[in-house]
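1. what follows is a predicted structure for the sequence shown.
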2 protein chains.
Amino acid sequence: MSAQVIAIDAMGGDFGPRSIVQASIACLSATPSLHLTLVGQPSLLEELLSGQPAVDRSRLTITPASEVVTMDEKPSQALRGKPDSSMRVALELLREEKVQACVSAGNTGALMALSRYVLKTLPGIDRPAMVAAIPTQRGYCQLLDLGANVDCSAEHLLQFAIMGSVAAQTLGIARPRVALLNIGTEDIKGNQQVKLAASLLQQARGLNYIGFVEGDGLYRGEADVVVCDGFVGNILLKSSEGLATMISSRIEALFRRSLLSRAVGALALPLMRRLQADLAPARHNGASFLGLQGIVVKSHGSAGVQGFQSAIQRALIEIQEDLPRRLHGRLEDLLL
Amino acid sequence: MSAQVIAIDAMGGDFGPRSIVQASIACLSATPSLHLTLVGQPSLLEELLSGQPAVDRSRLTITPASEVVTMDEKPSQALRGKPDSSMRVALELLREEKVQACVSAGNTGALMALSRYVLKTLPGIDRPAMVAAIPTQRGYCQLLDLGANVDCSAEHLLQFAIMGSVAAQTLGIARPRVALLNIGTEDIKGNQQVKLAASLLQQARGLNYIGFVEGDGLYRGEADVVVCDGFVGNILLKSSEGLATMISSRIEALFRRSLLSRAVGALALPLMRRLQADLAPARHNGASFLGLQGIVVKSHGSAGVQGFQSAIQRALIEIQEDLPRRLHGRLEDLLL
């Protein structure tokens, strides 16, 4: 297997460079063919690395960048005001083909704007989309768009469907079932956008379009790819995270209520904890930007070490499967 | 306290008239001032009642209706093709002021179409909305619209906000915090519809508008009333139900995995079950149609006896609080 080289935006995210450095070192240990370059302030990164004696520095370099995009910065500000941000320098390494993918836990809007500007979209794609793997009763479903595009046309939804289908294939599903998210499964249900998109998806050659899926059907695992606009997808994702958190804390409260339940809880809580990681999907698995001329994976801003490791893992899979080239080929077949 | 009289559509819903009759009898026992009329096929209903000796028939009558709206029927078909359906006859009793509210577990789209046609909307309301109480970390939030209106203008969202606020007041919240559901909390976030609605809500006199809330903020209890269009609301509600169901079944599977976990599970499951009822909100609490000249409560189609009882309870509260008249007064102040 040939080497994989990934640029890590080491400065972004709520949890700070220390966790990102830790996650990077853990991934290097797990994957001998992996090379990383940490992009950020060299003195800070060297200091964090100096505390880690077992690092193979032949596979870990530092690329200097003097600025940092903050979490609350406007995308336009990051784009125009910070030419030497760690996020931008990492993306430029990707454009110059010095690395094969870029992973960041930084400001989502800024990452999307910079990615589009630096990398450009694939031919046939108007707008990149964000996709993440959501746990279902039967496995996982790829949900997109998760918030990159708030107002979408039916054509955009078709592009998302094609990209989601190819992404699911690279994750091992031979003939992904593609569905449109809707408020009913009958043809007459839904808004104009989704009805128009349905007729486009029905006609798309080679796409295994299975029709509409509802919010509960998504979690029952009725589709491998679920397509919606970024407004709906973001609300679904965040409300699911919020509900999962609420359920977790209610379970813990339940087990604290009486002596008996406290005893049961002491036994049950370790089991419950195992479940919790599963229930905050984007937080743990990372979200891919699809439709760019390059691989960009976004780790959740508050994901911590494990979440960032998962994001690097997803980037590795996309490199091995050569996702952008496969997307490009599929789009040429279907759209052009 | 004066008597309350409610018409029950005894034929609608996935779970059949038997459960509806049982729920009706249970509510009569619990509330001595309550009178019910079961609308449907008299011979069938008499037969179901004959098995229940303790019924106070002075407070329980039967109103004949020869037809039934099925769960998969188109609203237009129910409207034009079935003049003697149990759903329609129940609504006509309400229009004729023979009853003070109507409860149905039948086809949602048909119930909304028939309600609008038979009862008409309140002055100032273009479209009725569906609202339900969603459990949060701090209590409940009133979420609307849940699917009655797929394409909404900013003006519609304003009307929903006013109606949701009055509904929350009748449930005991003096100054409900009203928020718009969005994909970020900053002013620049969201689609055109939600940005326009924000400026309308800011200007609405007497409305305690607190700004945008995200999907996770809803479950953290950041608002008492959360407003969105029916497409987004329906997807949020159903995906929440789907996720809650998935978590429940994963927990049960977790507890079956080993001998130890089975022992823990035997102790923990009764605690978990208590939680489950809470986590499928619309299924258990019923959804109110707001903005009509009359009280209509929809029980979830698969809610069973307990769910239908909750729906009757919600109708009782709305009668006691005189919700349509309060809504009318508030709308006159604000809109006309």
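-> Received, thanks. All values derive from a computational prediction rather than experimental measurement. Numbers count the residues shown, from 1 in each chain, chains lettered A, B, ... in the order given.
2. report the contact partners of whichever residue of the stretch 1-150 of chain A sits closest to chain B.
-> Residue nearest to chain B within the stretch 1-150 of chain A: A:V150 (4.5 Å; C-beta to the nearest C-beta). For glycine as for every other residue, the C-beta is placed from the backbone atoms N, C-alpha and C. A:V150 is in contact with A:229-231, B:183, B:190-191, counting by C-beta atoms under 8 Å, 6 or more residues apart in numbering or on different chains.
3. need the max-distance pair from those.
-> For these, the farthest-apart pair by C-beta to C-beta is A:D229 and B:G190; their separation is 11.9 Å.
4. the two - which one has more neighbours?
-> Neighbour count, other C-beta atoms under 10 Å in any protein chain shown: between A:D229 and B:G190, A:D229 has more, with 28 against 23.
5. for that one, give me the pLDDT.
-> A:D229 carries a pLDDT value of 94.
6. skipping adjacent residues, who's closest to it in space?
-> A:C152 (3.9 Å; C-beta to C-beta, 6 or more residues apart in numbering or on different chains).
7. I'd say that neighbour and A:V227 touch.
-> No: counting by C-beta atoms under 8 Å, A:C152 stays clear of A:V227, with 9.5 Å between them.
8. helix/strand/coil for A:H35?
-> Assigned with DSSP: H, G, I helix; E, B strand; the rest coil, A:H35 falls in the strand class.
9. hmm, back to that, residues contacting the residue nearest to A:D229?
-> Contacts of A:C152 by C-beta under 8 Å, 6+ apart are A:127, A:145, A:160, A:193, A:229-230.
10. quick one: which of these is most hemmed in?
-> Busiest of those [other C-beta under 10 Å] is A:F160, holding 34 neighbours.
11. circling back: now for A:C152 and A:V227: what residues contact both?
-> Taking C-beta under 8 Å, 6+ apart as the criterion, A:C152 and A:V227 both touch A:145, A:160.
12. secondary structure and distance to A:V297 for the contacts of A:V150 - can I get that in a markdown table?
-> Conversion of those to a markdown table gives the following (DSSP: H, G, I helix; E, B strand; the rest coil; distance: C-beta to C-beta, whole Å):
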| residue | secondary structure | distance to A:V297 |
| --- | --- | --- |
| A:D229 | coil | 22 |
| A:G230 | helix | 17 |
| A:F231 | helix | 22 |
| B:I183 | coil | 20 |
| B:G190 | coil | 25 |
| B:N191 | coil | 26 |
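13. for A:P324, state which of those is nearest.
-> Taking C-beta to C-beta as the measure, A:P324 lies nearest A:G230 of the contacts of A:V150, at 20.6 Å.
14. does the closest one touch A:A129 like I think?
-> Yes: between A:G230 and A:A129 there is a contact under C-beta under 8 Å: 7.4 Å.
15. which residues are in contact with each of those two?
-> Residues touching both A:G230 and A:A129 (C-beta under 8 Å, 6+ apart): A:145-146, A:148-149.
16. can you say which of these are buried?
-> Buried by 16 or more other C-beta atoms under 10 Å in any protein chain shown: A:145-146, A:148-149, out of these.
17. I'd like those residues as TSV, with distance to A:L94 appended.
-> Formatted as TSV, these follow (distance: C-beta to C-beta, whole Å):
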residue	distance to A:L94
A:D145	21
A:L146	21
A:A148	18
A:N149	22
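18. from the residues you listed, which two are the most distant?
-> Farthest apart among those by C-beta to C-beta are A:L146 and A:N149. That separation is 9.5 Å.
19. what is in contact with those two at once?
-> Common neighbours of A:L146 and A:N149 are listed as A:129, A:230 (criterion: C-beta under 8 Å, 6+ apart).
20. show me the shaky parts of chain A.
-> For chain A, the stretches with pLDDT under 70 are A:1, A:258-261, A:263-265, A:267-284, A:335-336.
21. any idea how it splits into domains?
-> Taking automatic domain parsing as the criterion, chain A consists of the domains A:1-125+A:291-336, A:131-281.
22. can you give me the helices for chain A?
-> Under the criterion DSSP state H, chain A carries helices at the ranges A:16-30, A:42-50, A:75-81, A:86-95, A:108-119, A:154-170, A:192-203, A:215-220, A:230-256, A:259-278, A:281-285, A:304-320, A:323-334.
23. the residue nearest to the spatial centre of chain A pairs with what?
-> Nearest to the centroid of the C-alpha atoms of chain A, with distances taken as C-alpha atoms, centre = their mean, sits A:A287, at 0.4 Å. Judged by DSSP bridges, the bridge partners of A:A287 are A:K298.
24. ok, the one 5 residues further on next?
-> Counting by DSSP bridges, A:L292 is bridged to A:T121.
25. so what's it up against?
-> A:115-116, A:119-122, A:128, A:324.
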